[in-house]
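S.K.: pasted the sequence and its predicted model underneath.
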Amino acid sequence: MSETIVSLRNIRKRYTRGKQHVDVLEGLTLDIPKGEFVALMGPSGSGKTTLLNLIGGLDKPTSGEITVAGQRLDQLGGGALSRWRARHVGFVFQSYNLMPMLSAQRNVELPLLLTNLPAAQRKANALAALTLVGVADRAKHKPAELSGGQAQRVAIARALVADPTILVCDEPTGDLDRKSADEVLHLLQTLNRDYGKSIIMVTHDPKAAEFAGRQLHMDKGALAESG
């Protein structure tokens, strides 16, 4: 039986705006096995990004138990959660979130600044990650000198460089044309299949979701599995 990398039990998430309460997730329970590539789908406001942020340790549930990579995230304080996140999660965002004044290589090195690695090893690891995603020849280029597909590959290299336990991707192809999107999705598929990376991806795009091994559909804070 596969090891479980993500376990959620009766997760509720409520946001309070003044006197108004907004319940985004209501009693959600979910298990994701290690090494799975999961696509989270659903209309805007369905709770999928909230769920992704909880799994990635960017937010905490109002109630319920959430265990990722063997750690109860709902029990961690802010500092401990930040340290856990740095060790276990690689983030890939729709808008790449690259630093415009830094080269691709320096962008990829950023997560390694939190480690004790010497500068030469950080550079070597960054170049290895850029090679893995197929853009080593753009190592010295700044984000403005990259295509959208190349920029997202650099962002994926940055997410991978510290060898995280899971990759958390929020609309990773949302700003890309179809050809570039498919190239990025093939890369994620390869990272999952050949390198065993656990990947959780939010997407509105049914074609993107087809690259995942399992699709989970959300609506009004509830989950209905498909595929």
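M.R.: In hand now; what should we look at? From a predicted model like this one, the values you see are computed outputs, not experimental measurements.
S.K.: quick one: the strands in the chain?
M.R.: 4-17, 20-33, 37-41, 63-68, 71-72, 89-93, 166-170, 198-202, 214-219, 222-226 (DSSP state E).
S.K.: so what are the sheet partners of the fourth one and their directions?
M.R.: Listed by DSSP bridges, the sheet partners of strand 63-68 and their directions read strand 4-17 (antiparallel), strand 71-72 (antiparallel).
S.K.: using PDB, list the CA coordinates for that strand.
M.R.: These are the backbone C-alpha positions of strand 63-68, laid out as PDB (Å, rounded to 0.1, in the frame of the first residue of the first chain):
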ATOM      1  CA  SER A  63     -10.300  23.300  12.300                       C
ATOM      2  CA  GLY A  64      -9.500  19.800  11.400                       C
ATOM      3  CA  GLU A  65      -6.200  17.800  11.000                       C
ATOM      4  CA  ILE A  66      -3.800  18.300   8.100                       C
ATOM      5  CA  THR A  67      -0.700  16.000   7.900                       C
ATOM      6  CA  VAL A  68       1.800  16.500   5.000                       C
END
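S.K.: what's the angle from that strand to strand 89-93?
M.R.: Going by axes from the mean of the first three to the mean of the last three CA atoms, to 10 degrees, strand 63-68 is angled at 100 degrees with respect to strand 89-93.
S.K.: right, and A126 touches L112 too?
M.R.: Yes - at 7.2 Å, A126 counts as touching L112 under the criterion of CB atoms under 8 Å. (Each C-beta comes from the backbone N, C-alpha and C, glycine too.)
S.K.: hey, what's in contact with both of the two?
M.R.: V161 (CB atoms under 8 Å, 6 or more residues apart in numbering).
S.K.: what about the helices in the protein?
M.R.: With DSSP state H, the ranges of helices along the chain come out as 48-55, 78-88, 104-109, 119-132, 148-160, 178-195, 206-209.
S.K.: redo the ones you listed as TSV? Include distance to G64, mean pLDDT and mean neighbour count.
M.R.: TSV is the format used below for the helices of the chain (distance: least, CB to CB, whole Å; pLDDT from 0 to 100; neighbours: other CB atoms under 10 Å):
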stretch	distance to G64	mean pLDDT	mean neighbour count
helix 48-55	9	92	23
helix 78-88	16	90	15
helix 104-109	35	96	24
helix 119-132	34	94	17
helix 148-160	27	94	25
helix 178-195	27	93	16
helix 206-209	26	93	17
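S.K.: which one, of the strands paired with strand 63-68, ends up nearest to P164?
M.R.: For P164, the closest of the strands paired with strand 63-68 is strand 4-17, at 11.3 Å, according to CB to CB.
S.K.: pull out the buried positions in the closest one.
M.R.: 5-6, 8, 11, 13 (16 or more other CB atoms under 10 Å).
S.K.: give me the residues contacting that strand.
M.R.: Strand 4-17 has contacts (CB under 8 Å, 6+ apart) with 21-36, 47, 50-51, 54-55, 59, 61-69, 165-166, 198, 200, 221.
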